[in-house]
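**Q** sequence first, then the predicted structure, then my questions.
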Amino acid sequence: MTRKKKDPYANYDIDDWQWEFLSRNERYRRRYRAIQRAEQRGWGYELNGHFVFTFEAWALDLRSRLSLSCPPTIDHPDESDHALALPSPDIPRAKFEYSPIRRGGAYVTNIRTDDEDDTELGKLFRGEIFTVDRGIPDDCKIYVEIDARCKLEMIVADLRKELPKYLRGGRDQLKLYKSYLEVWDLRRKDKTADEIAPKLWPDENATKGGRGRYGDKGALIQRVYDYEDAANDLIEKSFPAKQPRPKIQK
């Protein structure tokens, strides 16, 4: 009897998926290699009379900016995380004891970031000086207004009542992430859309696969391109390039 292969993505939550996207992000992969090289070569600089190793500054910055830790792997469960360790992008989430990324599902602030806030602080947080980017896709964000004069019990009760109907869309999108990565990985192996579609969706291929008589894309082949675009977008957003700060006019 053939044993069914275990699906490594079966119980993934958002932090698990975030690691899969980040580990494929070329910017993170380059930075990880640069930090390894800086540590091996002992690069550093003087700061306020003290010598600072470059790899330490870079590692701390990445851990803070990307909410990273370096968990033990399932093959070496006795290893422990330390403040300067970074997870290797060559290790998939399923090989770690827990996700290398730990982020909260909600962020609380009393600073408005919408376009209606024309105060100096509002302009600052709206992006005229800098922007706080949590890496949450726009179609997965939920905006909540809370009256701080209300009791906590009332606020929590209202959130429990109202939030579920808005959460379903984000959870439904999460179910597509496995297919996004399967398409992306196969494309990196130089597989064409015509090869990928029947491999991933054999049951649908008979009616939706292939191309038309003039070479136009069928629904499944278009899905391959759409899913690759979606994966590229999530991978890019997992570690976006820093936006230059606008010059402050005096």
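**A** The structure has been received and is ready for your questions. Here the structure is a predicted model, which is why all the values come from computation and not from measurement. Residues are numbered from 1 along each chain as shown.
**Q** mind giving me the packing neighbours of the strand or helix carrying Arg33?
**A** Per DSSP states H and E, Arg33 falls inside helix 26-41. Secondary structure elements in contact with helix 26-41, counted by 3 or more CB pairs under 8 Å, 6 or more residues apart in numbering; DSSP states H and E, are helix 54-65. Using the backbone N, CA and C atoms, a C-beta is placed for each residue, glycine as well.
**Q** and with 10 Å instead?
**A** In this structure, helix 26-41 packs against helix 14-23, helix 54-65, helix 219-238, with contacts taken as 3 or more CB pairs under 10 Å, 6 or more residues apart in numbering; DSSP states H and E.
**Q** want to try CSV for the ones you listed, with distance to Arg188 and mean pLDDT as columns?
**A** Shown next, in CSV, are the helices and strands packed on helix 26-41 (distance: least, CB to CB, whole Å; pLDDT from 0 to 100):
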stretch, distance to Arg188, mean pLDDT
helix 14-23, 13, 95
helix 54-65, 23, 93
helix 219-238, 10, 94
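**Q** tell me the most buried of those?
**A** Mean neighbour count (mean count of other CB atoms under 10 Å) peaks for helix 14-23 among those, with a mean of 22.
**Q** and that one, how far out from the chain middle?
**A** For helix 14-23, the separation from the chain centroid amounts to 5 Å (computed by CA atoms, centre = their mean, to the nearest Å).
**Q** so which elements touch it?
**A** So helix 14-23, by 3+ CB pairs under 10 Å, 6+ apart, packs with helix 26-41, helix 164-174, helix 177-188, helix 219-238.
**Q** just give me how far stretch 90-105 sits from the chain centre.
**A** The mean C-alpha position of stretch 90-105 is separated from the chain mean by 11 Å, CA atoms, centre = their mean.
**Q** ignoring the adjacent residues along the chain, who's closest to Val144?
**A** Distances taken as CB to CB, 6 or more residues apart in numbering place Leu159 nearest to Val144, at 7.3 Å, with adjacent residues excluded.
**Q** domain parsing for this protein?
**A** Split into domains by automatic domain parsing, the chain comes to 14-95, 177-238.
**Q** centre of the chain to the last one, how far?
**A** It refers to domain 177-238. With CA atoms, centre = their mean, you get 21 Å for domain 177-238.
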